[in-house]
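1. sequence and predicted structure below; questions after.
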Amino acid sequence: MYALIDGNNFYVSCERVFRPALNHTPVVVLSNNDGCAISRSNEAKALGVAMGEPFFKIADLQQKAGLVALSANFALYGDMSQRMMTVAAGLGPEQEIYSIDESFVSLAGVRGDLLVRARRVRERILQWTGLPTCVGIGETKTLAKLANHIAKTAERKPGVYARDLAQVCHLGTLSKEARQTVYQSSDVGEIWGVGRRIGARLQEAGVNTVWDFLQLDPAIVRQNFGVVLERTWRELHGVPCIALEHAPANKQEIACTRSFGQGIVSLEPLIQSVCEFASRAGEKLRRQRSCASQVLVFIRTSPFRAGPRYSQSVVVPLRRPSANTADLVSAAVTGLKLIYKPGFQFAKAGVMLLDLSADNHHQGELELECEEDETHAVQAPRLMHALDTLNQRYGRGTLAMASTGLTERTRLWSMRQERLTPQYTTSWQDLPIARA
DNA sequence: TCTGGGGTCCTAGGACCC
DNA sequence: TCTGGGGTCCTAGGACCC
């Protein structure tokens, strides 16, 4: 048996913890550059604001309907997430943190009434962190996901499901008939693993609800939609096919990409951005103690705007696997110059680190070897360590690698004059907690 | 004017080899 | 008319997730 605990409208709820005046008003949290809505309160959803909707299309709702739009504060959400996860972990012996606002908890061996226990944990999260959540329980992760959807919908849209399924829904407690009713009221598109495309194809075939999907022949599902969906079908029938993943595996690729608030029309600012992306990606790389063998860089014009379009990427192989920012930046800039073309308004760029492997060199950092060529190899990891430590302590961007861009081999270390916006600094203890 | 930023897995098809 | 067959590796692209 698995539980899925999920924060309701997570980013908005985090903001509301610190600004209770935002309760009961329509609120959205916006992405980078205030581009689009990535979290919506129930009131905002009721106004018709869609997930990912561009802000300029809903900006008028501020005047018309009192919509409050906030710029995202990801440092805050990460912090709140950790607290929520810590409490949620108390539900069972093992937890998989699936995303910033969701975790699966294995209920294997947990005795007593799971429903009661889940309600208690949910209440505790609300009291200790201020975050509202919903809990879904089922025999497999896919069923727990579905149960979670039911718990949320039953709370938000009374009438779709029975009222007592709101907030915490345990499919295992339902009778056969009650389960059928629930499955018949659930859209096939709500299934974990059924997205827009497959959902549309299923509906074309007359499969509209979860119940319809369950009646299909698994061989047909496999033949028409592949092994992934067949696995989903089995999971929905209560056969576990997707295991809980305890320790998050190392990333197989690491990306840092951004859209630009305003289009970029020359090489120089692109170089600056790409340097920063490569540096950030390098930090993530070293955090998981990996090396990259290839660096991909891409630039792209806006797919939404009129005007000439251009989208290109290139993979630059490194001479040897590296976790050194200097190598990564150098490769990224080399690649950028290969694909850059003047005459376009670039809207987005990014750097991806590929073909990752364990950083064995770093492990043996302190064993000084005496080959002549080792000087750089031994110093570089220490330099990187110092870089990461300083940036962690004094804020992202305190110390950065400068690229003159034009002379490739010239590398400078420089204190950056302009610091980024101060990070969120409230600590655990400063949190206002509503105690019952 | 203004449209997020990450990731994963699977499959098909080409290159290459024997 | 008709142009082997099977294995492996790699890559691009499509689908999904949050």
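-> Thanks, I have the structure now. Numbering: from 1, shown residues only, chains lettered A, B, ... in the order given.
2. how about the residues of the stretch 1-150 of chain A that lie near DNA strand B?
-> A:31-33, A:35-36, A:38, A:51-52, A:54-56 (C-beta under 7 Å from any atom of the strand). Any C-beta I mention is one placed from the backbone N, CA and C, and that applies to glycine too.
3. likewise for the stretch 301-436 of chain A?
-> Going by C-beta under 7 Å from any atom of the strand, the residues of the stretch 301-436 of chain A near DNA strand B are A:302, A:304-305, A:347-348, A:350, A:352.
4. among the residues you listed, which ones are buried?
-> A:302, A:347-348, A:350, A:352 (16 or more other C-beta atoms under 10 Å).
5. got those as TSV, with distance to residue A:274 and secondary structure columns?
-> Formatted as TSV, those follow (distance: C-beta to C-beta, whole Å; DSSP: H, G, I helix; E, B strand; the rest coil):
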residue	distance to residue A:274	secondary structure
A:302	18	coil
A:347	14	strand
A:348	12	strand
A:350	8	strand
A:352	11	strand
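6. just give me the closest of those to DNA strand C.
-> Lowest distance from DNA strand C to those (C-beta to the nearest atom of the strand) belongs to residue A:352, with 11.4 Å.
7. what are the bridge partners for the closest one, then?
-> Beta-bridge pairing for residue A:352 (DSSP bridges): residue A:255, residue A:296.
8. quick revisit: possible to save the residues of the stretch 1-150 of chain A next to DNA strand B as a markdown table with distance to DNA strand C, secondary structure and pLDDT?
-> Output for these, formatted as a markdown table (distance: C-beta to the nearest atom of the strand, whole Å; DSSP: H, G, I helix; E, B strand; the rest coil; pLDDT from 0 to 100):
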| residue | distance to DNA strand C | secondary structure | pLDDT |
| --- | --- | --- | --- |
| A:31 | 11 | coil | 95 |
| A:32 | 14 | helix | 92 |
| A:33 | 18 | helix | 92 |
| A:35 | 14 | coil | 94 |
| A:36 | 12 | strand | 95 |
| A:38 | 9 | strand | 97 |
| A:51 | 9 | coil | 95 |
| A:52 | 8 | coil | 94 |
| A:54 | 16 | strand | 95 |
| A:55 | 18 | helix | 96 |
| A:56 | 21 | helix | 95 |
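9. now the two most distant members of those residues.
-> A:33 and A:51 (17.5 Å; C-beta to C-beta).
10. what about these two, which has more around it?
-> residue A:33 (13 against 10; other C-beta atoms under 10 Å).
11. isn't the more buried one right up against residue A:260?
-> Yes - with contact defined as C-beta atoms under 8 Å, residue A:33 reaches residue A:260; the gap is 7.5 Å.
12. count of residues packed around residue A:31?
-> Neighbour tally, residue A:31, other C-beta under 10 Å: 16.
13. do residue A:317 as well
-> 11.
14. dump the residue contacts of it.
-> Residue A:317 makes contact with A:293-294, according to C-beta atoms under 8 Å, 6 or more residues apart in numbering.
15. next: residue A:5.
-> Residue A:5 neighbours (C-beta under 8 Å, 6+ apart): A:84, A:88, A:91, A:102-103, A:105, A:121-122, A:125, A:133-135, A:148.
16. any chance you could map the strands in the stretch 201-350 of chain A?
-> Applying DSSP state E, counting those that start in this stretch to the stretch 201-350 of chain A gives strands spanning A:254-264, A:290-301, A:311-322, A:346-358.
17. now the angle from the shortest one to strand A:290-301?
-> Computed with axes from the mean of the first three to the mean of the last three C-alpha atoms, to 10 degrees, the direction of strand A:254-264 lies at 20 degrees from that of strand A:290-301.
18. about what we covered before: now, among the residues of the stretch 1-150 of chain A next to DNA strand B, which is nearest to residue A:97?
-> Of all those, residue A:97 sits closest to residue A:38, with 19.3 Å by C-beta to C-beta.
19. please enumerate residues in contact with the helix or strand where residue A:81 lies?
-> In the assignment (DSSP states H and E), residue A:81 maps to helix A:74-88. Residues from elsewhere that reach helix A:74-88, judged by C-beta under 8 Å, 6+ apart: A:5, A:7, A:10-11, A:14-15, A:17-18, A:95, A:97, A:100-101, A:103, A:105, A:121, A:124-125, A:128-129, A:131, A:133, A:423-424, A:426, A:428, A:431.
20. flag the shaky bits of the stretch 251-400 of chain A, pLDDT-wise.
-> Low-confidence segments of the stretch 251-400 of chain A (pLDDT under 70): A:361-379, A:395-398.
21. quick check, the residue in it closest to DNA strand C?
-> Going by C-beta to the nearest atom of the strand, DNA strand C is nearest to residue A:315 of the stretch 251-400 of chain A, at 7.2 Å.
22. in the sheet, who's paired with that residue?
-> According to DSSP bridges, beta-bridge pairing links residue A:315 with residue A:296.
23. how about the buried ones among the residues of the stretch 301-436 of chain A next to DNA strand B in CSV, adding distance to DNA strand C?
-> Formatted as CSV, these follow (distance: C-beta to the nearest atom of the strand, whole Å):
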residue, distance to DNA strand C
A:302, 19
A:347, 19
A:348, 16
A:350, 15
A:352, 11
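24. make TSV out of these and add distance to residue A:24.
-> Output for these, formatted as TSV (distance: C-beta to C-beta, whole Å):
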residue	distance to residue A:24
A:302	37
A:347	37
A:348	37
A:350	39
A:352	42
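25. which parts of the stretch 1-150 of chain A are strands?
-> A:2-7, A:27-30, A:37-40, A:68-71, A:94-99, A:102-106, A:133-138.
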